[in-house]
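Undergrad: Return atomic coordinates for the entry below.
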Amino acid sequence: MKRVNLLIRSFIVVSLVWSVTAHAESDTDVDSDTDDSDWFEIAPEDLLPEELPENLHWETNNEDPEFASPDAIRGGTFHTWMISFPKTMRPVGPNSNGYFAGTLRPLQFTPVAIHPNTRKPIPMLATHWALGDDGRSFYFRIHPDARWSDGERVTADDFVFMLQFMRSKNINDPWYNNYYTERVTDLKKYDELTFGVRGADAKPYIEMLDSVNLRPYPEHFHELSDAWVKDFNWKPEPTTGPYHVDVVENGKYVELARTENWWANELRYVRNRFNPERVRYTMIRDMNTAWLHFLGGELDTFGLTIPEFWHDKADTDDFKKGYVAKYWYYHRLPVPAAALYLNTAMPLLDDKNIRYGLAHSINIQRVIDKVLRGDYERLPTFQLGFGPYDNTSIKPREFDLNKAKEYFAKAGFVSRDRNGIRVKKNDAGKVIARLSFTITYGRPIHT
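TA: Residues are numbered from 1 along each chain as shown. This next block holds a predicted model:
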């Protein structure tokens, strides 16, 4: 099996296994005084059948190996950090897509997850699932024991409400409005624990399952109105996963608590996971300051993907004497892309010759060798780790200044100004464009 070329390092002081799958969301057939569905119309062929199809092949998976250690110890508080404080506890709407969204959204289970080793679907919030004959619909049976963290039962109504919720103008989130109308065309309840979802297009089995593997939203909790954004800004919603937001100390920390008598404690692929009783996210605005908090014992782990930290800062007596363990490990999960992204809608970058020229003019290997100290490897394509879906024929453009020069010339950038910057001139010899760009970084340390 081919290894994935992503190196992840971390100090392991407390073992926290947090691998809930996070995905998209969807509605129909929900009565609401605040229904605002008149802004869209779904074509009849994009709707699910009124009755549950009789020829469905229901699937489940209770054969794959468990992957959590039975020796894991339950209890305690896991201390970690965040670089900025969230502006809302809402999962969607204005200011909801910040750093903390990656923590909030996975608090809700999806119907199925993907086994980390076999890469096969495994039951989570659902016990069974079935692909429709049209190749773009899936049907799910909710686990009868599934409960929200406030004790309310999870039903198909919560999934139906989710689609209404995501399509509602009251959430003030055009992206979700569009996605759950254009890409998720219907969601229908068939009985209290059975529902179906239809996507816009047929896709391969796993990809189709992933695209309609939607989180529910608690119908009993949310009140859709023109004031929803304001009224629910700091109201953490009940969750179906192991943790819920328990304490929000504005500007300081957010603390999650493990739900008491959580309904999924003994499920095959869940037991022995999610072991801390509490998880505290403390706001620390600077990575170097967070490092000092870690060395002082105030944080339990610290990621070391920045070479400066791995090679230099993690070489003190604390490490040499074994007080702190440092690990470098490999995995075979899908690899996210770390890249220089180009806005192809902008002038200059909308010219493929310029994009090709840039690709040939950037010495990625030198960056890896000198800046990243040889710790990383270049991916041949945007993403890897998806088995038969990987396109192994794609290769990165090699560093070649002569080829870069040729492509820039095709785009009209032949001359240079007094600063050595390539320029484009009109027939009169006047400079009409400079080949220069602004690069935006997420954090200062990335520069």
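Undergrad: Distance check, Asn178 against Lys169.
TA: Per CB to CB, to the nearest Å, Asn178 is found 12 Å from Lys169. Where you see a C-beta, it was placed from the backbone N, CA and C, and this is true even at glycine.
Undergrad: oh, I was asking about Ser415
TA: 52 Å.
Undergrad: Neighbour count for these two, which is higher?
TA: Ranked by neighbour count (other CB atoms under 10 Å), Ser415 and Lys169 place Lys169 first, with 15 against 12.
Undergrad: Could I get the phi/psi values of that one?
TA: Here is the backbone geometry of Lys169 (degrees, to the nearest 10): phi -70, psi -20.
Undergrad: Correct me if wrong: it contacts Asn177.
TA: Yes: using CB atoms under 8 Å, Lys169 is in contact with Asn177, at 6.8 Å.
Undergrad: what are the ranges of the helices in the stretch 101-250 of the chain?
TA: Assigned by DSSP state H, counting those that start in this stretch, the stretch 101-250 of the chain shows helices spanning 101-104, 156-167, 174-182, 205-211, 228-231.
Undergrad: Single out the most deeply packed of the ones you listed.
TA: helix 156-167 (a mean of 25; mean count of other CB atoms under 10 Å).
Undergrad: give me every residue that touches the nearest residue to Val212 once chain neighbours are set aside.
TA: The spatially closest residue to Val212, leaving aside those adjacent along the chain, is Val197, at 4.0 Å (CB to CB, 6 or more residues apart in numbering). Residues in contact with Val197 (CB atoms under 8 Å, 6 or more residues apart in numbering) are 26, 48, 137-140, 159, 184, 186-187, 212, 214.
Undergrad: next one: Arg198
TA: Residues in contact with Arg198, defined by CB under 8 Å, 6+ apart, are 46-48, 132, 134, 136-137, 184-187, 212.
Undergrad: Show me where the chain dips below the pLDDT cut-off.
TA: The chain contains residues with pLDDT under 70 at 1-39, 447.
Undergrad: how many neighbours does the residue nearest to Met283 when sequence neighbours are not counted have?
TA: Closest residue to Met283 apart from its sequence neighbours, by CB to CB, 6+ apart: Phe85 at 4.6 Å. Phe85 has 19 neighbouring residues, counting by other CB under 10 Å.
Undergrad: And Phe85, how far from Asp427?
TA: From Phe85 across to Asp427, the span is 56 Å (CB to CB).
Undergrad: related to what we said a few turns ago, give me the subset of the contacts of Arg198 lying in strands.
TA: 137, 184-187 (DSSP state E).
Undergrad: Relative to Glu59, which of the residues you listed is nearest.
TA: Nearest to Glu59 among these is Ser137, at 14.2 Å by CB to CB.
Undergrad: what's the domain layout of the protein?
TA: In terms of domains, the chain is parsed into 17-74+85-245, 352-446 (source: automatic domain parsing).
Undergrad: and the residue nearest to Met283, that one's in a helix?
TA: No: the assignment for Phe85 (DSSP: H, G, I helix; E, B strand; the rest coil) gives coil, which keeps it out of a helix.
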